[in-house]
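Engineer: fold the following, please.
(one chain, ligands or ions: 1)
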Amino acid sequence: MDIVSVDGRDRAVFERFFAVRDGVRREDEFPVGLGLEEARVLMAGEHSDVRADGIGLVDGDEWLGIAWLDWWLQENTHLVEVELAVAAPYRRTGVGSKLLEVVIDRARQDGRRLLSSSLLGDAETGESAGTAFAAAHGFVRKHVELHQVLELPLSEARLAELEQLAPGYTIVQWRGPHPEEWIEQFAEALTAMAEDVPTGELDHEPSRWTPERIREADARLAKQGRFCYTTIAIDADGQLAAYTEMGGAAANPERLYQWGTFVRREHRGRRLGMAVKVPNLRALQADLDHPAVVHTWNATTNAPMIAVNDHLGFRRVALRTNWEREL
Ligand SMILES: CC(C)(COP(=O)(O)OP(=O)(O)OC[C@H]1O[C@@H](n2cnc3c(N)ncnc32)[C@H](O)[C@@H]1OP(=O)(O)O)[C@@H](O)C(=O)NCCC(=O)NCCS
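Structural biologist: Modelled structure (predicted):
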């Protein structure tokens, strides 16, 4: 058996790697995750905030399992994020353990002191093969998020019922990159969001956003074939009070994602979460010509955000738990 190093530049190798990962993800009731080209751009490119690469455990022409690695470059340089996927016929034969050994070696060589991993599991207990594997390998559960889904399109009557006015605020929307006019304020809001979002006991640093970093992320998103719909609320002084972002990728049009939603502290308690989410959903579904599922994840402790999602009609489908292992 051989260990093969993978990045996005060798397309043929990358496709074998991706097929294992995607095959495992498709076992879920509501499959999520990057499409081939979205993933390849991440692994092929030079990005200032992350280096993504992978390894495969290969026997002749057969790919038994893979590990995807995210090496953070600006914050969280102490850790490596890892995702393992073992093809169904080869489970419980030590493939995952072998891959993990190689990952640990590489992480130590790079001077990282922590492995971090997100695992999907049962909606009630959070348990799965992944969590059993993690517990058996010295990982500790540090954080829990609820995975919720909403089926689109919503009817016009339902949207009208959900509509929430925000007196004193102006709603602004766009599809695509952040307009230069809002980019400074958006960088501040994204940074504040990263600081405020609950992360349990995780040893993670919040991301610090700058206009330059947003421009780079927008360019990467376009290259990945992704799209993003944004709605913001502006107060009477022209200050960005709230935003929400939702999107997906042309290659997997049935999978949509609710990305961040944030209301600045001094504007909370005025239903701005709903006031930006509903028009954003309306814009997103106006361009849909097929049914789709919107996915969202929130800390189980984030009661206000989950309440907004429940109100919108999101269903609870799984728990995602976050685990860490010191090296
Ligand atoms: C989790 C996963 C990577 C494990 O890979 P694997 O090659 O089957 O793991 P190993 O054979 O090395 O298992 C090592 C140990 O982990 C534990 N384990 C693995 N799968 C388990 C399961 N389904 N139930 C209970 N324990 C399990 C056991 O302690 C096992 O040792 P044992 O077989 O001697 O009892 C694989 O099941 C998988 O791809 N699952 C779907 C994707 C996923 O959850 N990935 C997230 C992991 S980061």
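Engineer: residues contacting the residue most central in space within the chain?
Structural biologist: When CA atoms, centre = their mean is applied to the chain, the residue found nearest the centroid is residue 259 (7.4 Å). The contact partners of residue 259, taken as CB atoms under 8 Å, 6 or more residues apart in numbering, are 228, 244-247. Where C-beta positions appear, they are placed from N, C-alpha and C, glycine not excepted.
Engineer: and it, how close does it get to residue 280?
Structural biologist: Residue 259 is 10 Å from residue 280, where distance means CB to CB, to the nearest Å.
Engineer: tell me the residues of the stretch 1-150 of the chain that contact the ligand?
Structural biologist: 24, 65, 83-86, 91-97, 117, 119, 128-130, 132-133, 136 (CB under 6 Å from any ligand atom).
Engineer: from those residues, keep the buried residues only.
Structural biologist: For those, a burial check counting by 16 or more other CB atoms under 10 Å picks out 24, 65, 83-86, 95-96, 117, 119, 128, 130, 133.
Engineer: now distance to residue 9, pLDDT and secondary structure too, for the residues you listed, in JSON lines please.
Structural biologist: Formatted as JSON lines, these follow (distance: CB to CB, whole Å; pLDDT from 0 to 100; DSSP: H, G, I helix; E, B strand; the rest coil):
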{"residue": "24", "distance to residue 9": "23", "pLDDT": "94", "secondary structure": "helix"}
{"residue": "65", "distance to residue 9": "22", "pLDDT": "98", "secondary structure": "strand"}
{"residue": "83", "distance to residue 9": "20", "pLDDT": "98", "secondary structure": "strand"}
{"residue": "84", "distance to residue 9": "22", "pLDDT": "98", "secondary structure": "strand"}
{"residue": "85", "distance to residue 9": "21", "pLDDT": "98", "secondary structure": "strand"}
{"residue": "86", "distance to residue 9": "25", "pLDDT": "98", "secondary structure": "strand"}
{"residue": "95", "distance to residue 9": "25", "pLDDT": "98", "secondary structure": "helix"}
{"residue": "96", "distance to residue 9": "26", "pLDDT": "98", "secondary structure": "helix"}
{"residue": "117", "distance to residue 9": "25", "pLDDT": "98", "secondary structure": "strand"}
{"residue": "119", "distance to residue 9": "29", "pLDDT": "96", "secondary structure": "strand"}
{"residue": "128", "distance to residue 9": "33", "pLDDT": "96", "secondary structure": "coil"}
{"residue": "130", "distance to residue 9": "29", "pLDDT": "97", "secondary structure": "helix"}
{"residue": "133", "distance to residue 9": "30", "pLDDT": "98", "secondary structure": "helix"}
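Engineer: domain ranges for the protein?
Structural biologist: Domain assignment for the chain by automatic domain parsing gives 2-112, 149-318.
Engineer: any chance of those in a markdown table, with distance to residue 142 too?
Structural biologist: Output for the domains of the chain, formatted as a markdown table (distance: least, CB to CB, whole Å):
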| stretch | distance to residue 142 |
| --- | --- |
| domain 2-112 | 12 |
| domain 149-318 | 4 |
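Engineer: for residue 325, which of those domains is the nearest?
Structural biologist: Nearest to residue 325, of all the domains of the chain, is domain 2-112, at 8.4 Å by CB to CB.
Engineer: who wins for neighbours among the contacts of residue 259?
Structural biologist: residue 244 (27 neighbours; other CB atoms under 10 Å).
Engineer: what helix or strand is it on?
Structural biologist: Assigned by DSSP states H and E, residue 244 falls within strand 240-249.
Engineer: list the helices and strands the lowest-mean-pLDDT helix or strand in the chain packs on?
Structural biologist: Every helix and strand in the chain was compared by mean pLDDT, DSSP states H and E; the lowest is helix 303-312, with a mean of 92. In terms of contacts (3 or more CB pairs under 8 Å, 6 or more residues apart in numbering; DSSP states H and E), helix 303-312 is packed against strand 140-152, strand 255-263, helix 272-286, strand 292-299.
Engineer: tell me the strands beside the second one, with direction?
Structural biologist: Which is strand 255-263. Partner strands and pairing direction for strand 255-263 (DSSP bridges) are strand 240-249 (antiparallel), strand 292-299 (parallel).
Engineer: closest residue of the stretch 101-250 of the chain to the ligand?
Structural biologist: residue 130 (2.7 Å; CB to the nearest ligand atom).
Engineer: hmm, residue 109 and residue 71 touching each other?
Structural biologist: No. Applying CB atoms under 8 Å, one finds residue 71 not in contact with residue 109, separated by 11.5 Å.
Engineer: now render the helices and strands packed on helix 303-312 as JSON lines, adding mean pLDDT.
Structural biologist: JSON lines is the format used below for the helices and strands packed on helix 303-312 (pLDDT from 0 to 100):
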{"stretch": "strand 140-152", "mean pLDDT": "97"}
{"stretch": "strand 255-263", "mean pLDDT": "96"}
{"stretch": "helix 272-286", "mean pLDDT": "95"}
{"stretch": "strand 292-299", "mean pLDDT": "97"}
